[in-house]
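[1] prediction below, plus the sequence it came from.
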Protein chains: 2
Amino acid sequence: MDLLNSHRTIRKYGSKAIPDELLQSVLYSGTRASTTGNMQVYSIIVTRDNEMKEKLSPCHFNQPMVKEAPVVLTFCADFNRFNKWCNQRNANPGYDNFLSFTTAAIDAVLVAQNICIAAENEGLGICYLGTTTYMAQEIIDILELPEGVVPVTTVTLGYPDEDPPLTDRLPLEAVVHDEKYSDYTANQIDKFYKNKESLDSSLEFVKENRKETLAQVFTDVRYKKSDNMVFSKKLLDILDRQGFMNQ
Amino acid sequence: MDLLNSHRTIRKYGSKAIPDELLQSVLYSGTRASTTGNMQVYSIIVTRDNEMKEKLSPCHFNQPMVKEAPVVLTFCADFNRFNKWCNQRNANPGYDNFLSFTTAAIDAVLVAQNICIAAENEGLGICYLGTTTYMAQEIIDILELPEGVVPVTTVTLGYPDEDPPLTDRLPLEAVVHDEKYSDYTANQIDKFYKNKESLDSSLEFVKENRKETLAQVFTDVRYKKSDNMVFSKKLLDILDRQGFMNQ
């Protein structure tokens, strides 16, 4: 499918605003995604205000897209609305647990991807911000998310002002397993990662970070164990605080 | 976007097999989805074998789609491959934690939704199975998923043998918030859920389950607190067992 196969992350946006009608249409396509039991246990926070972008920017480690994109969308797992409905209908909601968070987080991501595809179909460019789960507490405070709501991912949206090439992918056989998971041999790992490792951009990455291997750039610079441990603890605390860890 | 806006879940499939070339093309479109740091920390297990479908069927509470669809896809959060690569490249992976699981689970869901859209674009029908996170341990055993791999969602795939109507959705204003989360008043809840509650199918649902309200069908029958508590505990145990809960 050409639209999907030509997807590139867009990090530079033109100044052209997104017409509100277009944004609404793209958001609507998001809501057509499947969700568990058609419960739609997600919410989308639309940020267009510059002051709000300024506040959100540090939550995304000051990546410039947050302030430069005309629209920032924060996708949240949200059982608050559903719980309120249950309580108003003499029903006793039992969604204050980890399974329910997982369900709602999956819903939110399905909707996010639909929105990204609908946006790209309209000539817009998108960028996912993985920082959302790292800085969820700060985002909760800024967006005033109540109990039952946790931000899961963020997308910046705007008209592209760059035309980057397709990025590399592992060969299909590296990520697809037939009937059962066939664990990887050392030779397979070498073969599957060879292309990624040999790219000019990867070699440059290794050099500028003064590392021996591309993998070390990931483990020692980009996604470090020490950071992961801190953010894991923070995220589990947030799930508890937002009411998803009743055991 | 018509393709997204006309999405219906398909639970009945014709006997026509999915040509392998078509399946590979759809899977490839999945891999073009964005993932965190382009790490692609997911795997897809393709089930076509009837014996494997028989084994998976109870994991999905014997929903008939599992045995009747020509293809079942299990989407997994997978840091095993990436960890093996790191270890082979003198890099020390720090992905045995909850943040890394969340990252990988989001990756897996983005890829799943791309695959569903690519499949629908080719005239195939899809159904998501939320049971995957409930029965993750059984699925791990059947698909022989190693440490670092956790199933997140499942999709059944085949040529449609039904043409169901569009299902209801909450109004867009119910799930979208402008700049900050505006919590729901009792009147808003009434208004946003009115359409869903007044559908013939909902009234039938309430009646056949001998409940007072549609919300009670969700809380007392379909997604019960007692089940959620059991499955939450199981899922957290699995994350620990699969190596994602190092604190």
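    Good, I have the coordinates. Numbering: from 1, shown residues only, chains lettered A, B, ... in the order given.

[2] how about the nearest residue to residue A:177, chain neighbours excluded?
    Using Cβ to Cβ, 6 or more residues apart in numbering or on different chains and skipping residues adjacent in sequence, the residue nearest residue A:177 is residue B:45, 4.8 Å away. C-beta here means a position set from N, CA and C on the backbone, and glycine is covered the same way.

[3] my bad, should have said residue A:91
    With Cβ to Cβ, 6+ apart, the residue lying closest to residue A:91 is residue B:215, at 3.7 Å.

[4] quick one: the one you found and residue A:92 touch, right?
    No - in this structure, residue B:215 is not within contact of residue A:92 by Cβ atoms under 8 Å, at 9.2 Å.

[5] give me the common contacts of those two.
    residue A:86 (Cβ atoms under 8 Å, 6 or more residues apart in numbering or on different chains).

[6] which segments of chain A make up each domain?
    A:2-164+A:225-241, A:172-222 (automatic domain parsing).

[7] now the last one: average pLDDT?
    Spelled out, it's domain A:172-222. With pLDDT averaged residue by residue, domain A:172-222 scores 98.

[8] stretch A:128-137 vs chain B: in contact?
    Yes - interface with chain B: stretch A:128-137 contributes A:128, A:130, A:133, A:134 (Cβ under 8 Å from any Cβ of the partner chain).

[9] same check on stretch A:62-70?
    No - judged by Cβ under 8 Å from any Cβ, stretch A:62-70 stays clear of chain B, getting no closer than 12.8 Å.

[10] just the strands in chain A please.
    A:42-47, A:71-78, A:125-129, A:149-158, A:176-178 (DSSP state E).

[11] report all helices and strands that the shortest one contacts.
    Helices and strands touching strand A:176-178, as assessed by 3 or more Cβ pairs under 8 Å, 6 or more residues apart in numbering or on different chains; DSSP states H and E, comprise strand B:42-47.

[12] out of residue B:215 and residue A:92, which sits in the more crowded spot?
    Neighbours per residue, other Cβ atoms under 10 Å in any protein chain shown: of residue B:215 and residue A:92, the larger number sits with residue B:215, 24 against 13.

[13] farthest residue from the center of chain A?
    residue A:90 (35.2 Å; Cα atoms, centre = their mean).

[14] which residues touch that one?
    B:212, B:213, B:215, B:216.

[15] list only those of these flagged as buried.
    B:213, B:215, B:216 (16 or more other Cβ atoms under 10 Å in any protein chain shown).

[16] could I get stretch A:170-188 in PDB with only the CA atoms?
    Extracted in PDB, the C-alpha atoms of stretch A:170-188 (Å, rounded to 0.1, in the frame of the first residue of the first chain):
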ATOM      1  CA  LEU A 170      15.200  -5.100   9.100                       C
ATOM      2  CA  PRO A 171      14.300  -7.700   6.400                       C
ATOM      3  CA  LEU A 172      10.800  -9.000   6.800                       C
ATOM      4  CA  GLU A 173      12.100 -12.500   7.700                       C
ATOM      5  CA  ALA A 174      13.800 -10.900  10.700                       C
ATOM      6  CA  VAL A 175      10.500  -9.900  12.300                       C
ATOM      7  CA  VAL A 176       8.100 -12.500  11.100                       C
ATOM      8  CA  HIS A 177       7.900 -16.000  12.500                       C
ATOM      9  CA  ASP A 178       6.100 -18.900  10.900                       C
ATOM     10  CA  GLU A 179       3.900 -20.800  13.300                       C
ATOM     11  CA  LYS A 180       6.300 -20.700  16.200                       C
ATOM     12  CA  TYR A 181       9.000 -18.200  17.400                       C
ATOM     13  CA  SER A 182      12.300 -19.400  15.900                       C
ATOM     14  CA  ASP A 183      15.000 -17.900  18.100                       C
ATOM     15  CA  TYR A 184      17.900 -16.200  16.400                       C
ATOM     16  CA  THR A 185      21.300 -17.700  15.700                       C
ATOM     17  CA  ALA A 186      24.400 -15.500  15.900                       C
ATOM     18  CA  ASN A 187      24.600 -15.800  12.100                       C
ATOM     19  CA  GLN A 188      21.000 -14.600  11.600                       C
END
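
[17] what number of residues lie near residue A:94?
    21.

[18] can you tell me the closest non-neighbouring residue to it?
    Residue A:94's closest residue in space is residue B:225 (Cβ to Cβ, 6+ apart), at 2.1 Å.

[19] so that neighbour touches residue B:219, yeah?
    Yes - under the criterion of Cβ under 8 Å, residue B:225 makes contact with residue B:219 at 7.2 Å.

[20] can you give me the helices in chain A?
    Assigned by DSSP state H, the helices in chain A fall at A:2-5, A:20-31, A:50-56, A:65-68, A:80-88, A:98-121, A:136-143, A:172-175, A:186-198, A:200-208, A:214-216, A:225-241.

[21] which of the contacts of residue A:90 sits closest to residue A:144?
    Taking Cβ to Cβ as the measure, residue A:144 lies nearest residue B:215 of these, at 25.4 Å.

[22] ok, now which ones touch that closest one?
    Contacts of residue B:215 by Cβ under 8 Å, 6+ apart are A:85, A:86, A:88, A:89, A:90, A:91, A:93.

[23] got it, and residue A:28?
    Taking Cβ under 8 Å, 6+ apart as the test, what residue A:28 contacts is B:5, B:172.

[24] rewinding a little: what is the nearest of the buried ones among the contacts of residue A:90 to residue B:166?
    residue B:215 (22.3 Å).

[25] what distance do you get for residue A:215 to residue A:185?
    Counting by Cβ to Cβ, to the nearest Å, the separation of residue A:215 from residue A:185 is 17 Å.

[26] next: residue A:239.
    Taking Cβ to Cβ, one finds residue A:239 at 37 Å from residue A:185.

[27] repeat for residue A:118
    41 Å.

[28] when these two are compared, which one has more neighbours?
    Applying other Cβ under 10 Å to residue A:118 and residue A:185 shows that residue A:118 carries more neighbours, namely 24 against 10.

[29] for the residue nearest to residue A:178 when sequence neighbours are not counted, give me its contacts.
    Once flanking residues are discounted, residue A:178 sits nearest to residue B:46: 5.6 Å by Cβ to Cβ, 6+ apart. Going by Cβ under 8 Å, 6+ apart, residue B:46 touches A:176, A:177, A:178, A:179, B:23, B:27, B:71, B:72, B:73.

[30] which of the helices of chain A sits most buried?
    helix A:98-121 (a mean of 26; mean count of other Cβ atoms under 10 Å in any protein chain shown).

[31] are that one and chain B in contact anywhere?
    Yes - Helix A:98-121 reaches chain B (Cβ under 8 Å from any Cβ) through A:98-100, A:102-103, A:105-106, A:109-110, A:112-114, A:116-118, A:121.

[32] centroid-nearest residue for chain A?
    residue A:153 (3.4 Å).
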